[in-house]
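Trainee: Fold the following, please.
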Amino acid sequence: MRKENGIVLRADIECTFTLKIRESSFKPGRVRVHLPAPINAEWLYMGQVLTASPTFRMISIEDHPMRSIWFDEVLTENAPFTVTYAFESAPDPVTPDTELINGTSQPGRAIGPALIRKYEENNHCDCTTYTGPLADKVTVMDLASETFIKVPSREEAAGILGLTGGELAKFFGERKENTGDLINLVFRFCANHTSAEPSGAESGRNILLVRLLRALGVPARWQGGFRIVDGAAVPADWALVNAAPYGWIYVDAQAAHEAFEAGNPELAGFYFGGIDALRIPTASKLGAGLYPARDYKRSDEKYNLYGEVEYEERGLGADEFTTSVTAKVL
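Mentor: Model (predicted):
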């Protein structure tokens, strides 16, 4: 493990997911189980599956938006399903200069809520791409396919942020000169706001950040999984924001909020562009499907945190099985 200024920047990690059906819901027979698996991230090298019990049938490709390991077993006794992964995590820290972003021509920002709604309603898009320095073919599909992230209008976003019409107008010139200021403003609002759920907003500081930035025309993505805190793996999420000349940068308003609350503004600032190595990402799109597909409705349709279970005749609810996630830094 390598630390710098209290931030873990490199770590070798083992994590174990365990799922067990509650005795009151168990019956002998065929059981199909999905357990979360770490997805591909630019700073994460997925090593190997160290152990799995029972033997799994399939593991999704590394860039599946909700990666999982899949079991298909006939049980005679109520045995747990478990898998242990090993991987290396080494994010490259970035300290974005907002003035440099302001002075750089940004990727096109014409997505808008109307185009997102068109995609969601018709379930297709023309794959219009953003272009610009270091933009990596950001498509409408990339940005709009999470149907659980509802994007407000630009005016609604301005109202949440408390911006006047004149203040909002300065962010929308020909060259988008104030994009760095805009991203910083949204980040600080989401990190500092006393409630992460303004009226009508999707819950969660980082989901709110993605909603606001998309509404204001800045490409933003959501990513979720776990953070390792004091040896325990706890659910977490964060965001990626596309800002030239840096390309995609990580932004974590929730971790920044916790740092502000602890009286550490320097640490909070790290999460504007940086992300620590103690992360286990398991989803890149809210509400994406699992593979192989389930026959029944999932117990959690948004995230990929707790696993899924189904018998041949029905799916199990979240109260019918237990999941634990443990992690250790080597």
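Trainee: what's the neighbour count on the residue nearest to residue 78 when sequence neighbours are not counted?
Mentor: Across the structure, with Cβ to Cβ, 6 or more residues apart in numbering as the measure, the residue nearest residue 78 apart from its sequence neighbours is residue 26 (4.3 Å). In this view, the C-beta of every residue, glycine as well, is placed from N, C-alpha and C. Other residues within reach of residue 26 by the criterion other Cβ atoms under 10 Å amount to 18.
Trainee: Over to the one 3 residues further on?
Mentor: Counted with other Cβ under 10 Å, residues neighbouring residue 29 total 12.
Trainee: which residues pair with it across the strands?
Mentor: With DSSP bridges applied, residue 29 shows beta-bridge pairing to residue 75.
Trainee: and it, what does it touch?
Mentor: Residues counted as contacts of residue 29 (Cβ atoms under 8 Å, 6 or more residues apart in numbering) are 74, 75, 311, 312.
Trainee: Could you list the low-pLDDT ranges of the stretch 1-150 of the chain?
Mentor: By pLDDT under 70, the weakly predicted segments of the stretch 1-150 of the chain are 107-148.
Trainee: Packing partners of the lengthiest strand in the chain?
Mentor: Determined from DSSP state E, the single longest strand within the chain is strand 7-21. For strand 7-21, the contact count by 3 or more Cβ pairs under 8 Å, 6 or more residues apart in numbering; DSSP states H and E identifies strand 2-4, strand 29-36, strand 81-89, strand 321-329 as packing neighbours.
Trainee: Going by neighbour count, which residues in the shortest one are buried?
Mentor: If I follow you right, that is strand 2-4. Judged by neighbour count (16 or more other Cβ atoms under 10 Å), strand 2-4 contains no buried residues.
Trainee: That one - which strands sit beside it in the sheet, and in what orientation?
Mentor: Using DSSP bridges, the strands paired with strand 2-4 in its sheet are strand 7-21 (antiparallel).
Trainee: And the partner strand, how far out from the chain middle?
Mentor: Mean C-alpha position of strand 7-21 versus that of the full chain (Cα atoms, centre = their mean, to the nearest Å) differs by 16 Å.
Trainee: picking up where we left off before, taking the contacts of residue 29, please make a ChimeraX selection of just the buried ones.
Mentor: Burial among the contacts of residue 29 is assessed by 16+ other Cβ under 10 Å; the matching ChimeraX selection reads:
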select :75,311
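Trainee: Break down the stretch 101-250 of the chain into its helices, ranges please.
Mentor: In the stretch 101-250 of the chain, helices defined by DSSP state H, counting those that start in this stretch lie at 112-122, 140-144, 154-161, 165-169, 179-192, 205-215, listed in chain order.
Trainee: Let's have these in a markdown table, adding mean neighbour count.
Mentor: As requested, the helices of the stretch 101-250 of the chain are arranged in a markdown table below (neighbours: other Cβ atoms under 10 Å):
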| stretch | mean neighbour count |
| --- | --- |
| helix 112-122 | 15 |
| helix 140-144 | 19 |
| helix 154-161 | 17 |
| helix 165-169 | 11 |
| helix 179-192 | 22 |
| helix 205-215 | 26 |
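Trainee: For beta bridges, what are the partners of the residue positioned nearest the centre of the chain?
Mentor: In the chain, the centroid-proximal residue (Cα atoms, centre = their mean) is residue 223; its distance is 1.3 Å. Counting by DSSP bridges, residue 223 forms beta bridges with residue 238.
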